[in-house]
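> Sharing a model that was predicted from the sequence below.
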Number of protein chains: 2
Amino acid sequence: MARSSLDQMNCSIARTLDVIGDAWTPLILRDIAFGISRFDAIQRDLGISRKVLSERLSALVAHGVLQRVPYQDKPARYDYHPTEKGADLAFVLLAMQAWGDRWTAGDDGPPILIRHETCGALTKVVPSCASCGKRLAVTDITPLRGPGFESGPGNAEISAVLDRRDAAAAEA
Amino acid sequence: MARSSLDQMNCSIARTLDVIGDAWTPLILRDIAFGISRFDAIQRDLGISRKVLSERLSALVAHGVLQRVPYQDKPARYDYHPTEKGADLAFVLLAMQAWGDRWTAGDDGPPILIRHETCGALTKVVPSCASCGKRLAVTDITPLRGPGFESGPGNAEISAVLDRRDAAAAEA
DNA sequence: AAAGTCGGTTTCGAAAAGGAACTCAGAGGG
DNA sequence: CCCTCTGAGTTCCTTTTCGAAACCGACTTT
């Protein structure tokens, strides 16, 4: 698909997918989050083609998710490091990891565990409410039109769904 | 890339990407989570090609993320509904939404807000520790080898990184 | 009888991915 | 000096995948 169609959509999920919406990009970011910051090391680790890796890294730099920091001159060589914007994507990766741990791990259990250094526990990352702090279940939350909402490509039907729901609520 | 290479990787993120690792699948799941459950409605909403939508829906059913439930016979017609496994993917979508809200929303603010019905607040979904309940920062957590860990395609370099870190920790 | 709805499948040209080889700049060894 | 190696890409070519549009089958509506 044309990437432009995604970042034009009035939807934060679509705009996030414009940055990480393919199979390799999240794995590249995972490697970089682990401290694997060089081209060849990432390429070896993932077995990705050099061409695609090169394209993805350039795109991530262009999106402001990664920055290239020189570690030597002559020849010029760079490490790829996450920016703040990129580091913040870790939570998307952690959500993927949590789902994969729960639904795709074999009998041996998950390949990677997370330790929370603040409390010392081996833990899982769970979603909670920024306001009350309670753990969230899918059924506890309702989407509403936000200030940036506009009906258009990518959410025409969603607008209709919200209308119907609001109408039903007003009636009750 | 060959999908098989992804689900063979010893990595929960890669195995999650085997299911949702393209640009359209998360948007399809978003629509279904909103209650847009029919082929044509999803197609109209997203502007996705019918061919690709058909392929994606079949794959999601095959992965056990969606189920087809008949809503009429003659002709046979189906709604697509999430299974429990599929509903649980909502947290991956919400993590994407949170990132998109923070980093890609325009001046108007996010297009969609979330209300937590339990506490009534307009809220954001934030990651927290399953053990102590505190909100997590990226710097608070450390990855460790889990029981299912095995070095292989997709994490050879990661294994080396963990070794180096453990060695450095043992020395200190 | 003609047109419309729903949920697809088929076809075909265009775009993207994959793989392997090649390049460039320098470092190290003999 | 010559040969080889490393790191980071780029080029070239083949294989997949995508997207648009047309087509289809089983009904319903006008």
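On my side now, so go ahead. These figures come from a predicted structure and were not determined experimentally. Numbers count the residues shown, from 1 in each chain, chains lettered A, B, ... in the order given.
> how about the strands in chain A?
Secondary structure of chain A, counting by DSSP state E: strands at A:66-72, A:77-82, A:112-116, A:122-123, A:125-129, A:141-145.
> Can you say which of the ones you listed is packed in most?
strand A:125-129 (a mean of 22; mean count of other Cβ atoms under 10 Å in any protein chain shown). (Glycine included, C-beta is placed from N, CA and C.)
> DNA strand C contacts on chain A?
Contact residues, chain A versus DNA strand C (Cβ under 7 Å from any atom of the strand): A:2, A:22-24, A:47-52, A:55, A:74-75.
> can you put the residues you listed in CSV and add pLDDT?
Formatted as CSV, those follow (pLDDT from 0 to 100):
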residue, pLDDT
A:Ala2, 61
A:Asp22, 94
A:Ala23, 95
A:Trp24, 96
A:Gly47, 92
A:Ile48, 94
A:Ser49, 94
A:Arg50, 95
A:Lys51, 96
A:Val52, 96
A:Glu55, 96
A:Lys74, 80
A:Pro75, 88
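> Poorly predicted segments of chain A, please.
A:1-4 (pLDDT under 70).
> what does it have sitting close to DNA strand D?
A:1-2, A:38-41, A:50-51, A:54, A:57-58, A:75, A:77-79.
> Next one: the residue nearest the centre of chain A relative to B:Pro26, how far apart?
By Cα atoms, centre = their mean, chain A has its centre lying nearest to A:Val92, at 3.6 Å. Noted for A:Val92: a distance of 10 Å to B:Pro26, by Cβ to Cβ, to the nearest Å.
> before we move on, what about A:Ile48?
21 Å.
> Same question for A:Lys74.
44 Å.
> Tell me which of those two has more neighbours.
Using other Cβ atoms under 10 Å in any protein chain shown, the more surrounded residue of A:Lys74 and B:Pro26 is B:Pro26, with 21 against 5.
> Nearest spatial neighbour of the more buried one, chain-adjacent residues omitted?
Sequence neighbours aside, B:Ile20 is the residue nearest to B:Pro26 in space, at 5.4 Å (criterion: Cβ to Cβ, 6 or more residues apart in numbering or on different chains).
> contacting residues for that neighbour?
A:96, B:26, B:29, B:89, B:92 (Cβ atoms under 8 Å, 6 or more residues apart in numbering or on different chains).
> these two touch, right, A:Thr123 and A:Glu117?
No. Using Cβ atoms under 8 Å, A:Thr123 is not in contact with A:Glu117; the gap is 10.2 Å.
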